[in-house]
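K.L.:
here is my input, please return the structure:
(one chain, ligands or ions: 1)
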Amino acid sequence: MNPLNPLNPTPSNLTQGLTRLPAYVYDLDGLSEHAASIKSALRPELFYAAKANPDAAILRALAPHVDGIEVSSGGELTHVRETLPGARLAFGGPGKTDEELALALDLGVERIHVESPSELARLAQMERPATVLLRANLPLRTAGAALQMSGPFGMDEEALNTCAHTIAGTPHLTLRGVHAHLASGLNAPAMLDLARHIIDWALPWLEAHGVEDPEINLGGGMAVDYRSPESRFDWESYTSGLPDRPAKLRIEPGRALTAYHGWYVTDVLDVKTTHGETYVVLRGGTHHLRTPVTKGHDQPFTVLTAERGEERPATLVGQLCTPKDVFARDVPVPPLRPGDLIAFGMAGAYAWNISHHDFLMHPKPEFHYLDRSGHVAMDDDRPV
Ligand SMILES: *Cc1c(COP(=O)(O)O)cnc(C)c1O
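P.N.:
Below you'll find the predicted structure:
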């Protein structure tokens, strides 16, 4: 049995209606159910970080189950506002331009997550009402994090104090709280530990600056384990462990919401053995699904069609002229031949939209959406 086979259950209609490979297939019903179950287990408000996957059909499937959307650029802002006209929006991210800040105010963004004193100064100069959370970069140790979000993100306490001072002297700006997205890839106990530290620091700081009815956005970064796809972030223990303190809490995960409901389906073009290593060359490549390269893992997959036979190790590669174009290395596969189908799972977040699509100018994948009505293709709706 292939240990990388995570797709239980693989939607039975995964390949139905595909006219061309490779194809991305999104399970919108599965996604809705997943988001609804997270939401029902959760006490904090739930915003979805659009950068994980801003696909319009995905945003629409999530919309009924989230409290709002977090966007990180003017492009995301425009796209999400068009796709979900009524959604509550928070605008974060480094290097916001004046044009983006003005757009945020034009489009009715509810919270601006300010990244620096100079960004705040530019916002103040616009002389328009705006409600802000200050993004804090706290010196907290986050053991076990896949990615530590320090460096250019957010502000230390000195810069936060400068911002609070600016806001106090700017009548059209309102300080509502702090935002802290400090690490990604944390499981529930580690995320909880981080949340407690953030809250313990933030509440006295906010009180000292006279913020009434404070909000604390605890960020995203809830773990997705590509090596063990069935182990999921424990939303219930996370929620029940959060302190019951006088602040409105909000989180903004991306990956843990959408990763599980996308597949990249493709077929075998060639099988070859070079210097004793077997390579399975697949149509497409990591210019469509960059996740295994960026995260350094074997992308979980299921072989959809193959002859019966003993499984042997092979390396699954794409069509790019670079040795980095590897989906999974030395993984057991049944005897594969050209034309056999493979579906890579966990391709619903940071997959298509983080990939370098134009490298080598191969054809782009098709996009398909599974929902209650069966199988719908909605290619035209998709942001490229
Ligand atoms: C990327 C990002 C998120 C979402 O992170 P996930 O790991 O996808 O949950 C949330 N907030 C901010 C500020 C981010 O940059």
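K.L.:
how about low-confidence regions in the stretch 101-250 of the chain?
P.N.:
The stretch 101-250 of the chain contains residues with pLDDT under 70 at 141-149.
K.L.:
go again using 50 as the cut-off
P.N.:
By pLDDT under 50, the stretch 101-250 of the chain has no low-scoring segment.
K.L.:
the strands in it, which residues?
P.N.:
For the stretch 101-250 of the chain, strands defined by DSSP state E, counting those that start in this stretch occupy the ranges 111-114, 130-135, 147-148, 173-179, 183-184, 215-217, 248-251.
K.L.:
deepest of these, which one?
P.N.:
Of all the strands of the stretch 101-250 of the chain, strand 111-114 carries the top mean neighbour count, a mean of 27, counting by mean count of other Cβ atoms under 10 Å. Where you see a C-beta, it was placed from the backbone N, CA and C, and this is true even at glycine.
K.L.:
tell me which parts of the stretch 1-150 of the chain are close to the ligand?
P.N.:
Ala49, Lys51, Ala52, Glu70, Gly92 (Cβ under 6 Å from any ligand atom).
K.L.:
dump the residues you listed to TSV, plus pLDDT, neighbour count and secondary structure.
P.N.:
TSV is the format used below for these (pLDDT from 0 to 100; neighbours: other Cβ atoms under 10 Å; DSSP: H, G, I helix; E, B strand; the rest coil):
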residue	pLDDT	neighbour count	secondary structure
Ala49	98	27	strand
Lys51	98	20	helix
Ala52	98	25	helix
Glu70	98	31	strand
Gly92	98	26	coil
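K.L.:
out of those, the closest to the ligand would be?
P.N.:
Checking those against the ligand with Cβ to the nearest ligand atom, the nearest one is Ala49 at 3.4 Å.
K.L.:
surely Leu203 meets Pro214?
P.N.:
Yes. Counting by Cβ atoms under 8 Å, Leu203 touches Pro214, with 7.1 Å between them.
K.L.:
joint contacts of these two?
P.N.:
Taking Cβ atoms under 8 Å, 6 or more residues apart in numbering as the criterion, Leu203 and Pro214 both touch Pro246, Ala247.
K.L.:
re the thing from before, of the strands of the stretch 101-250 of the chain, which is nearest Tyr279?
P.N.:
The closest of the strands of the stretch 101-250 of the chain to Tyr279 is strand 147-148. By Cβ to Cβ, the value is 30.1 Å.
K.L.:
for Arg297, which residues are in contact?
P.N.:
Quick fix: residue 297 is His, not Arg. Per Cβ under 8 Å, 6+ apart, neighbours of His297: Tyr226, Arg227, Thr291.
K.L.:
what of Pro313?
P.N.:
By Cβ under 8 Å, 6+ apart, the residues touching Pro313 are Thr278, Asp330, Val331, Pro332, Val333.
K.L.:
how far away is the third one from Val303?
P.N.:
Right, Val331. Using Cβ to Cβ, to the nearest Å, we find Val331 at a distance of 10 Å from Val303.
K.L.:
pop the domain breakdown of the protein in here.
P.N.:
Per automatic domain parsing, the structural domains of the chain span 28-259, 260-378.
K.L.:
show me where pLDDT drops low in the stretch 251-384 of the chain?
P.N.:
Scanning the stretch 251-384 of the chain for pLDDT under 50 picks out 380-381, 383-384.
K.L.:
how close does the residue in it that the ligand sits nearest to sit to Val224?
P.N.:
Proximity to the ligand, evaluated over the stretch 251-384 of the chain using Cβ to the nearest ligand atom, is greatest for Gly254 at 2.8 Å. Noted for Gly254: a distance of 10 Å to Val224, by Cβ to Cβ.
K.L.:
need the residues touching each of the two.
P.N.:
Ala349.
K.L.:
which one's more surrounded, those two?
P.N.:
It is Val224, of Gly254 and Val224, that has more neighbours when counted by other Cβ atoms under 10 Å, with 27 against 24.
K.L.:
contacts only, for that one.
P.N.:
Counting by Cβ under 8 Å, 6+ apart, Val224 touches Gly185, Phe233, Arg255, Ala256, Ala259, Tyr260, Met346, Ala349.
K.L.:
of those - the most surrounded one?
P.N.:
Counting neighbours by other Cβ under 10 Å, Met346 leads the contacts of Val224 with 28 neighbours.
K.L.:
and that residue, which of the three is it?
P.N.:
coil (DSSP: H, G, I helix; E, B strand; the rest coil).
K.L.:
is it correct that it is in contact with His261?
P.N.:
No. Using Cβ under 8 Å as the test, Met346 is too far from His261 to be in contact (9.0 Å).
K.L.:
overlap of the contact sets of the two?
P.N.:
Joint contacts of Met346 and His261 (Cβ under 8 Å, 6+ apart) do not exist.
K.L.:
got phi/psi on Gly151?
P.N.:
Torsion angles at Gly151 (phi, psi; degrees, to the nearest 10) stand at phi 60, psi -130.
K.L.:
what about it, neighbour count?
P.N.:
Neighbours of Gly151 under the rule other Cβ under 10 Å: 8.
K.L.:
got it, and the one 5 residues further on?
P.N.:
Look at Asp156: counted by other Cβ under 10 Å, it has 11 neighbours.
K.L.:
quick check: the gap between the residue lying closest to it once chain neighbours are set aside and Phe47.
P.N.:
Distances taken as Cβ to Cβ, 6 or more residues apart in numbering put Asn137 closest to Asp156, at 5.9 Å, once the chain neighbours are dropped. As judged by Cβ to Cβ, Asn137 and Phe47 stand 20 Å apart.
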